[in-house]
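# No sequence on hand, only this structure:
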């Protein structure tokens with residue numbers, strides 16, 4: 001086609017359909033995350049704060065969060081069911 005004057009980011013996004021889809025996907029992820037975070041109790045939020053985007057071990061979670069083993073046995077599967085974290089090989093956990 002030809003050159004087009006761009007005056008803002010929206011002009012660029014309109015010309016590249018895959019960017020539009022990426023933006024929509026990111027907005028949906030933020031919306032879901034916000035809804036899930038609003039429904040979490042304080043201890044679940046603390047646990048989620050101690051699970052980052054790099055895998056962490058069960059022991060690291062206990063040490064960093066101070067949450068007991070008994071509570072973790074219940075809370076980790078709940079966060080997995082809410083699709084906020086996932087378990088990886090070697091018994092590690094990572095945030096989604």
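The structure has been received and is ready for your questions. Everything quoted here is computed from the prediction, not taken from an experiment.
# C-terminal to the helix or strand of the chain with the lowest mean pLDDT, what's the next element?
Ranking every helix and strand in the chain by mean pLDDT, DSSP states H and E puts helix 17-38 at the bottom, with a mean of 68. As assigned by DSSP states H and E, the chain's next helix or strand after helix 17-38 is helix 42-49.
# Which neighbouring elements make contact with that following helix?
Helices and strands touching helix 42-49, by 3 or more Cβ pairs under 8 Å, 6 or more residues apart in numbering; DSSP states H and E, are helix 58-65, helix 69-81. Backbone N, C-alpha and C define where each C-beta goes, glycine included.
# which helices and strands does the last one pack with?
Which is helix 69-81. If you count contacts as 3+ Cβ pairs under 8 Å, 6+ apart, helix 69-81 packs onto helix 42-49, helix 58-65, strand 85-88.
# Kindly report the same for the first one.
Identification of packing neighbours for helix 58-65 by 3+ Cβ pairs under 8 Å, 6+ apart yields helix 42-49, helix 69-81, strand 92-95.
# Packed most tightly, which of these would that be?
A comparison of these by mean neighbour count, using mean count of other Cβ atoms under 10 Å, puts strand 92-95 on top with a mean of 17.
# got a list of contacts for that one?
By Cβ atoms under 8 Å, 6 or more residues apart in numbering, the list of residues contacting strand 92-95 from outside reads 48, 51-58, 61, 76, 84-88.
# Do me a favour and average the pLDDT over it.
Strand 92-95 shows an average pLDDT of 94 in the prediction.
# same deal with stretch 8-16?
Across stretch 8-16, pLDDT averages out at 73.
# Show me which residues of stretch 48-59 are buried.
Across stretch 48-59, burial judged by 16 or more other Cβ atoms under 10 Å covers 48, 50-51, 55-56, 58.
# any chance of the helices and strands packed on helix 42-49 in a markdown table, plus mean pLDDT and distance to residue 14?
Shown next, in a markdown table, are these (pLDDT from 0 to 100; distance: least, Cβ to Cβ, whole Å):
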| stretch | mean pLDDT | distance to residue 14 |
| --- | --- | --- |
| helix 58-65 | 94 | 44 |
| helix 69-81 | 93 | 38 |
